[in-house]
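1. just need the structure, nothing else, for what follows:
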Amino acid sequence: MKNTEEINLNEEKKEKKNKKEDKKVLELKSTIEELTGKVSNLENELLKSKADNINYRKRKDEEISRMLKYKDEEIVSDMLTIIDTFESAIKMDDNNLTDEVSKFLSGFKMIYANLISILEKYEVKAIDGNNKPFDPAYHQAVMTESCDMEPGMVIEVLRKGYILKDKVLRPAMVKVSE
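-> Next up is the predicted model:
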């Protein structure tokens with residue numbers, strides 16, 4: 001009987017030991033699951049951070065590219081008033097090269113031609129508007145007039161507009177048909 005009692009005690013000890021081991025295994029599994037979740041979260045955060053960094057670099061590269069593309073915008077815009085003044089002076093010419101004013105104006109024409117070639121070098125183009133449909137992206141209507149043209153057509157360009165590469169520096173001031 002003693003053997004049976006000893007066997008029972010040994011079995012109870014084994015069961016307690018197995019229960020303790022099962023409890024430890026469950027705790028370890030729980031810890032592993034928790035750590036696996038944390039690792040997964042950290043991996044996701046790292047991927048998001050990398051994606052944010054890549055997007056930030058792309059935005060910065062695009063911004064720098066845009067800045068370089070239009071780097072001359074300010075100086076070209078300032079030159080436009082000089083161009084306007086030269087055009088006004090040149091309009092006074094009557095092509096009589098014997099008087100003093102015409103001689104001065106011929107010099108103005110040379111300076112004007114040089115300025116225009118500089119603008120072309122920097123990809124600045126005048127906006128063509130005469131006898132074209134009015135486009136608010138390129139034209140600024142300052143007057144309307146009834147005429148025999150269809151409505152919404154540019155009758156006259158009062159002040160030239162200019163485009164730098166693909167950006168409107170200054171819209172053309174125009175008179176539009178009603």
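2. use CA for all of it now, contacts and neighbours both
-> Fine.
3. give the other helices and strands that the helix or strand containing Glu12 contacts.
-> Per DSSP states H and E, Glu12 falls inside helix 2-69. Of the remaining helices and strands, none touches helix 2-69 by 3 or more C-alpha pairs under 8 Å, 6 or more residues apart in numbering; DSSP states H and E.
4. what is the helix or strand just after that helix packed up against?
-> The helix or strand immediately downstream of helix 2-69 is helix 73-91, counting by DSSP H and E. Identification of packing neighbours for helix 73-91 by 3+ C-alpha pairs under 8 Å, 6+ apart yields helix 100-121, strand 167-170.
5. if you average pLDDT over each of the ones you listed, which is lowest?
-> Confidence, taken as mean pLDDT, is least for helix 100-121 of the helices and strands packed on helix 73-91 (a mean of 87).
6. that helix vs helix 73-91, what angle?
-> 150 degrees (axes from the mean of the first three to the mean of the last three C-alpha atoms, to 10 degrees).
7. read off the pLDDT value for the residue nearest to Pro171 when sequence neighbours are not counted.
-> Excluding the flanking residues, the one nearest Pro171 by C-alpha to C-alpha, 6 or more residues apart in numbering is Gly161, at 4.5 Å. Gly161 is assigned 94 on the pLDDT scale.
8. can you tell me how far Gly161 is from Lys125?
-> The gap separating Gly161 from Lys125 is 9 Å, by C-alpha to C-alpha, to the nearest Å.
9. who's more crowded, those two?
-> The neighbour comparison of Gly161 against Lys125 (other C-alpha atoms under 10 Å) goes to Gly161, with 22 against 18.
10. that one contacts Ala126, correct?
-> Yes: under the criterion of C-alpha atoms under 8 Å, Gly161 makes contact with Ala126 at 5.7 Å.
11. how is the protein carved up into domains?
-> 1-69, 71-122, 125-178 (automatic domain parsing).
12. tell me the contacts of the residue nearest to Pro171?
-> For Gly161, the contact set (C-alpha atoms under 8 Å, 6 or more residues apart in numbering) comprises Ala126, Ile127, Tyr138, His139, Val168, Leu169, Arg170, Pro171, Ala172, Met173.
13. and it, what are its phi and psi?
-> Main-chain torsions, Gly161, degrees, to the nearest 10: phi -110, psi 160.
14. quick check: Glu156 is in a strand.
-> Yes: counting by DSSP: H, G, I helix; E, B strand; the rest coil, Glu156 is located in a strand.
15. burial count for the closest residue to it other than its chain neighbours?
-> Nearest non-adjacent residue to Glu156, counting by C-alpha to C-alpha, 6+ apart: Lys175, 5.2 Å away. If you count neighbours by other C-alpha under 10 Å, Lys175 ends up with 24.
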